[in-house]
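**Q** how does the following fold in three dimensions:
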Amino acid sequence: MSQSTSATGPSTTSLELHQFPCRSDNYCVLVRDAEAGVTAAIDAPDADAVRSAVDQTGWGLTHILTTHHHADHTAGNSALKEAYGCHIVGPAAEQARIPTLDETVGEGDTFRFGGHTVEVFDTPGHTAGHISYLFRAARIGFTGDTLFSLGCGRLFEGDAQTMWQSLAKIRAWPRDTTIYCGHEYTLANARFALTVDPSNMALIERAKEIEALREAGKPTLPTTLARELQTNPFIRPDAPEIRAELGMQSAEDWEVFAEIRRRKDAA
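**A** Below you'll find the predicted structure:
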């Protein structure tokens, strides 16, 4: 099920957002600054699905903002570039693995998207060069496969300490940031989260809400950073109740995170 929303931050033009499913469990998001006449797809999991969304909205497609090299995030790049002539931005550290990039960016870089400044964060761990995008004034962030709702990405090309450093960067974003992620994994993540944080009433209530959404065929995304800071164990390794549950009261945050990730991988 697709959904459209809008967001307006201080001293910015309005952003319109349209989230829609792709492939088996991916999400893609179109982001539009109508005043500037620009629309970006956040990743391009499937060219046909993106074309359908562009046709449905009538927004066109001027940019693709790529988070990482995995095929389920880049498979549509070439066909969409040929169809729309769109400008593709992506991680400098993965330029060799994403041959369609027109512009490469990394930690600390910013670029303009219509009336908005986009901040770039290196968030490796899932892949070695993964990046995330923050529209700070509009309070919108795109975390790809680094941060999920109630979860985080598997450590395919990085270790736990690296991923924790990436998640810590996202934790420092404004709490009222709306977060768009790359996959609909929230139900499975909620069930796991309850095994390491079973007394968290906010998590218990959220898990019920997620069950109801999925039973109704509705998406669980986007989420907000504030909700994740209350309920997502992967960005709460400093929580005393999680540390007590794991018997790791004196461990470093990254070590607690590593144990949570290990348990999720084994679940």
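
**Q** please make it C-alpha for all contacts and neighbour counts, starting now.
**A** OK.

**Q** run the chain-centre distance for stretch 152-161.
**A** Distance, stretch centre to chain centre, for stretch 152-161: 15 Å (Cα atoms, centre = their mean, to the nearest Å).

**Q** quick one: contacts of it?
**A** Applying Cα atoms under 8 Å, 6 or more residues apart in numbering, the contact partners of stretch 152-161 are 124-128, 145-147, 163, 234, 254-255, 257-258, 261, 265.

**Q** can you map out the strands along the stretch 101-250 of the chain?
**A** Using DSSP state E, counting those that start in this stretch, the strands assigned to the stretch 101-250 of the chain run over residues 103-105, 110-113, 116-122, 131-135, 140-142, 147-148, 151-152, 178-180, 223-224.

**Q** turn those strands into JSON lines, columns for mean pLDDT, mean neighbour count and distance to residue 215.
**A** Shown next, in JSON lines, are the strands of the stretch 101-250 of the chain (pLDDT from 0 to 100; neighbours: other Cα atoms under 10 Å; distance: least, Cα to Cα, whole Å):
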{"stretch": "strand 103-105", "mean pLDDT": "98", "mean neighbour count": "16", "distance to residue 215": "39"}
{"stretch": "strand 110-113", "mean pLDDT": "98", "mean neighbour count": "14", "distance to residue 215": "37"}
{"stretch": "strand 116-122", "mean pLDDT": "98", "mean neighbour count": "20", "distance to residue 215": "35"}
{"stretch": "strand 131-135", "mean pLDDT": "98", "mean neighbour count": "25", "distance to residue 215": "30"}
{"stretch": "strand 140-142", "mean pLDDT": "98", "mean neighbour count": "25", "distance to residue 215": "26"}
{"stretch": "strand 147-148", "mean pLDDT": "98", "mean neighbour count": "26", "distance to residue 215": "20"}
{"stretch": "strand 151-152", "mean pLDDT": "98", "mean neighbour count": "26", "distance to residue 215": "20"}
{"stretch": "strand 178-180", "mean pLDDT": "98", "mean neighbour count": "22", "distance to residue 215": "21"}
{"stretch": "strand 223-224", "mean pLDDT": "98", "mean neighbour count": "18", "distance to residue 215": "18"}
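
**Q** please name the residues that touch residue 104.
**A** Listed by Cα under 8 Å, 6+ apart, the contact partners of residue 104 are 89, 90, 91, 92, 95.

**Q** for residue 23, state which of those residues is nearest.
**A** Distance to residue 23 across the contacts of residue 104 (Cα to Cα) is lowest for residue 90, with 21.0 Å.

**Q** hmm, back to that, neighbour count added to the contacts of residue 104, as TSV?
**A** Shown next, in TSV, are the contacts of residue 104 (neighbours: other Cα atoms under 10 Å):
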residue	neighbour count
89	22
90	27
91	27
92	20
95	19
